[in-house]
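1. Got a predicted structure plus its sequence, pasted below:
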Amino acid sequence: MARLARPGGWVAALEADILGLCYPPHPAVDRVTELLMTGYRHDGADPQLGRRLPRLLRDAGLTEIGVEARTDVYAPGHPQRTVLIDLLRAMRPKIIARRLATGAELDALDAAARRHLAVPDTLTVPVTYFLAWARKPEGSQ
């Protein structure tokens, strides 16, 4: 993006950053988050890229860097409340093939994590979204 921007032009990026926080904590939710992050890393993805955006922009030679973060807390029944469990379910074949967990373990984690997140007093913050922007200096190529 920095290479394609005109001198004096702006670059902006929005990236999710997996947190997997919940309160009260629960071992199933922690393990779901761990497996999901490991699965992404095995695929060459950075599940916590959002927090690195300002540094990446700076490393690309951009200036006037700004950043904002937004985290939503979802009520029971909202589809985003279980987004990490749903993503792990979609990655199930890869997780099993890589021997990171068995099908039985994934089934048990899925059920336990969903029960915990169904409790109205459980607070969950699955992801934080980072928005970062920066300017390409005048006179740059």
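-> Good, I have the coordinates. Numbering: from 1, shown residues only.

2. Would you indicate which residues of the helix or strand containing V67 are buried?
-> Using DSSP states H and E, V67 maps to strand 63-71. Along strand 63-71, these residues count as buried under the neighbour rule (16 or more other CB atoms under 10 Å): 65, 67. Using the backbone N, CA and C atoms, a C-beta is placed for each residue, glycine as well.

3. For the nearest residue to I65 once chain neighbours are set aside, which residues are in contact?
-> Leaving aside its sequence neighbours, I65 sits nearest to A134 (CB to CB, 6 or more residues apart in numbering; 4.4 Å). Contact partners of A134, counting by CB atoms under 8 Å, 6 or more residues apart in numbering, are 2, 10-11, 54, 57-58, 60, 62-66.

4. and which of those residues is nearest P25?
-> Nearest to P25 out of those is P54 (CB to CB; 28.9 Å).

5. is it true that the closest one touches A132?
-> Yes. Shown here, P54 and A132 form a contact pair, counting by CB atoms under 8 Å, at 5.3 Å.

6. Between these two, which contacts overlap?
-> With contacts taken as CB under 8 Å, 6+ apart, P54 and A132 have 65, 67 as neighbours in common.

7. Please report how far H116 lies from V29.
-> With distances taken as CB to CB, to the nearest Å, H116 is found 6 Å from V29.

8. higher neighbour count, these two?
-> In terms of neighbours (other CB atoms under 10 Å), V29 is the more surrounded of H116 and V29; the figures are 25 against 18.

9. which residues touch the more buried one?
-> Residues near V29 by CB under 8 Å, 6+ apart: 20, 22, 84, 113, 116-117, 124.

10. so is it in a helix, a strand, or just coil?
-> helix (DSSP: H, G, I helix; E, B strand; the rest coil).

11. gap between the nearest residue to G103 once chain neighbours are set aside and A111?
-> In this structure, G103 finds its nearest non-sequential neighbour in I96, 5.8 Å apart by CB to CB, 6+ apart. In this view, I96 and A111 are 17 Å apart by CB to CB.
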